[in-house]
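Novice: I would like to see how this sequence folds:
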Amino acid sequence: MSPKEPGLAAIEAISSDLKKQYDSPEDAEWRNHPLEWIRGQASARIGKIGRLLVQGLCERVGLQAVAVGYSLRIAKKTIQVRFSTGWSGGGFKFEQLRNESYAAVFCLGIDRKSTRLN
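Specialist: This is a model prediction of the structure:
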């Protein structure tokens, strides 16, 4: 392994100090959690990850779930999926519910200690 160039080492040290200023209590709570990686993704990607998680849950219980755009087809019904990783102060917020012809909305909320399915 080659040594770091001095400029990179300096930037990493400054970044480490800045991180302490910007770290929130929620960040510390999620550190080293198996689902932590999801929180750092872009919003659109988080939505896709949520759909894939719900699709995987369906398949584990024997339901065929097929991705159709931003939705899933389960048992010939189009289901809108919404995903939340929890908000500071507790609870979940499911946004951008589209006014389209869905049979149902599947809301999946996860936090460090629990999962909510509605």
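Novice: The helix-or-strand element of the chain with minimal mean pLDDT: what's the following helix or strand?
Specialist: In the chain, no helix or strand scores lower on mean pLDDT, DSSP states H and E than helix 25-30, which sits at a mean of 73. On the C-terminal side of helix 25-30, the nearest following helix or strand under DSSP states H and E is helix 36-39.
Novice: residues making contact with the next helix or strand after that next one?
Specialist: Going down the chain from helix 36-39, the next helix or strand is helix 43-60, by DSSP H and E. When contacts are defined by CB atoms under 8 Å, 6 or more residues apart in numbering, helix 43-60 is touched by residues 38, 41, 64-65, 67, 70-72, 74, 81-83, 85, 106, 108. For every residue, glycine as well, the C-beta is placed using N, CA and C.
Novice: Quick check: which helices or strands does the very next helix or strand once past helix 43-60 pack against?
Specialist: Per DSSP H and E, the first helix or strand lying C-terminal to helix 43-60 is strand 65-68. For strand 65-68, the packing partners by 3 or more CB pairs under 8 Å, 6 or more residues apart in numbering; DSSP states H and E come out as helix 43-60, strand 71-74.
Novice: Mean neighbour count, those: which tops it?
Specialist: Most buried of these by mean neighbour count (mean count of other CB atoms under 10 Å) is strand 71-74; its value is a mean of 19.
Novice: now the angle from the next helix or strand after it to helix 43-60?
Specialist: Downstream of strand 71-74, the first helix or strand assigned by DSSP H and E is strand 77-84. Strand 77-84 and helix 43-60 are oriented at 120 degrees to each other (axes from the mean of the first three to the mean of the last three CA atoms, to 10 degrees).
Novice: Next, the buried residues of strand 77-84.
Specialist: 79-84 (16 or more other CB atoms under 10 Å).
Novice: I'd guessed residue 97 sits against residue 105; true?
Specialist: Yes - with contact defined as CB atoms under 8 Å, residue 97 counts as touching residue 105 (6.5 Å).
Novice: shared neighbours, these two?
Specialist: Joint contacts of residue 97 and residue 105 (CB under 8 Å, 6+ apart) are 80, 82.
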